[in-house]
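Undergrad: Here is a sequence with its predicted model. Questions after.
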Amino acid sequence: MIGRLMLPALLVVTCLWGCANLTPAPVGLATADTTDDLGKDYLIGPGDQFQVFVWRNPDLSSTVRVRPDGRISVPLIDDLPVAGKTPSDVERGMEEKLAEYVRDVKVTIIMVDFVGPMNRQVRVVGEATKPQSLSYRRGMTVLDVMIGAGGLTPFAAGNRATISRMVKGQPATFGVRLADLLKDGDLTANVEVAPGDVIMVPQSRF
């Protein structure tokens, strides 16, 4: 008797668990024109921050943030291009520059804060609590992005939000129901994002 009573409950729990893990895409949400190369070496982008350690030369070591122009300036080196390069590439480039001043120079780069190059970012603009660019990771969803952006402001029209994406070489825009997702917990509104996506959250009409 107890077993028969528990069976429906187990079925309900199983269904809820399965439904909670589904992230169906809305109709018409197309796949971005990207090559899944995220397994390759990390490429530095504007806004990234890293520590530069110069062996046996603490006065040349520093922590720098990549400027919007993709360059950095450190002791003895001005306007060094680093965007689009791997940390190893930057290490070797700095060693070449510093070799003019330091014998047997050895440079080590340690990433501190990073978002990556533009084509590996997901950006949130408009009525998000913290509009920003986030580093894309495989399987990332709209919910992940909005958690990183701190959710919606009180003035946001969440269900009129859009995702802008390149599809077959052409810009395309798709609707996404952020209010249903964040306020009502409707997980059918949770969709995967792609590197390069821009999520626009408009202001509600009063």
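TA: Everything's here; your move.
Undergrad: Could you use CA atoms for every contact and neighbour count after this?
TA: OK.
Undergrad: counting contacts, what elements does the one helix or strand Phe53 maps to pack onto?
TA: Element membership for Phe53, per DSSP states H and E: strand 49-54. Counting contacts by 3 or more CA pairs under 8 Å, 6 or more residues apart in numbering; DSSP states H and E, strand 49-54 is packed against strand 62-65, strand 107-113.
Undergrad: Just tell me which of these ends up closest to Ile199.
TA: strand 107-113 (21.6 Å; CA to CA).
Undergrad: pLDDT on the closest one, on average?
TA: Averaging pLDDT along strand 107-113 gives 92.
Undergrad: Let me see the domain layout of the protein.
TA: 49-113, 117-206 (automatic domain parsing).
Undergrad: Tell me the spacing between the most centrally placed residue in the chain and Met146.
TA: By CA atoms, centre = their mean, the chain has its centre lying nearest to Ser135, at 2.2 Å. Note on Ser135: its distance to Met146, by CA to CA, to the nearest Å, is 13 Å.
Undergrad: Likewise for Gly70?
TA: Noted for Gly70: a distance of 26 Å to Met146, by CA to CA.
Undergrad: Quick check: which of the helices and strands packed on strand 49-54 is nearest to Met140?
TA: Met140 sits nearest to strand 107-113 of all those, at 18.4 Å, using CA to CA.
Undergrad: May I have the beta-bridge partners of the residue nearest to the centre of the chain?
TA: Beta-bridge partners recorded for Ser135 (DSSP bridges): Gln121.
Undergrad: Over to Ile109?
TA: Here Ile109 sits in beta bridges with Val52, as judged by DSSP bridges.
Undergrad: Can you name the residues that contact it?
TA: 50-53, 87-88, 90-91 (CA atoms under 8 Å, 6 or more residues apart in numbering).
Undergrad: what do you get for Tyr42?
TA: With contacts defined as CA under 8 Å, 6+ apart, Tyr42 is in contact with 86-87, 116.
Undergrad: Drop anything exposed from the contacts of Ile109.
TA: Buried members of the contacts of Ile109, scored by 16 or more other CA atoms under 10 Å, are 50-53, 87, 90-91.
Undergrad: got these as TSV, with pLDDT and distance to Asp79 columns?
TA: Converted to TSV, the buried ones among the contacts of Ile109 look like this (pLDDT from 0 to 100; distance: CA to CA, whole Å):
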residue	pLDDT	distance to Asp79
Phe50	95	16
Gln51	96	16
Val52	97	15
Phe53	97	18
Pro87	94	16
Val90	96	13
Glu91	96	15
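Undergrad: which one among those residues gets closest to Gln170?
TA: Of all the buried ones among the contacts of Ile109, Pro87 has the smallest distance to Gln170: 32.1 Å, by CA to CA.
Undergrad: Perfect, I'm done here.
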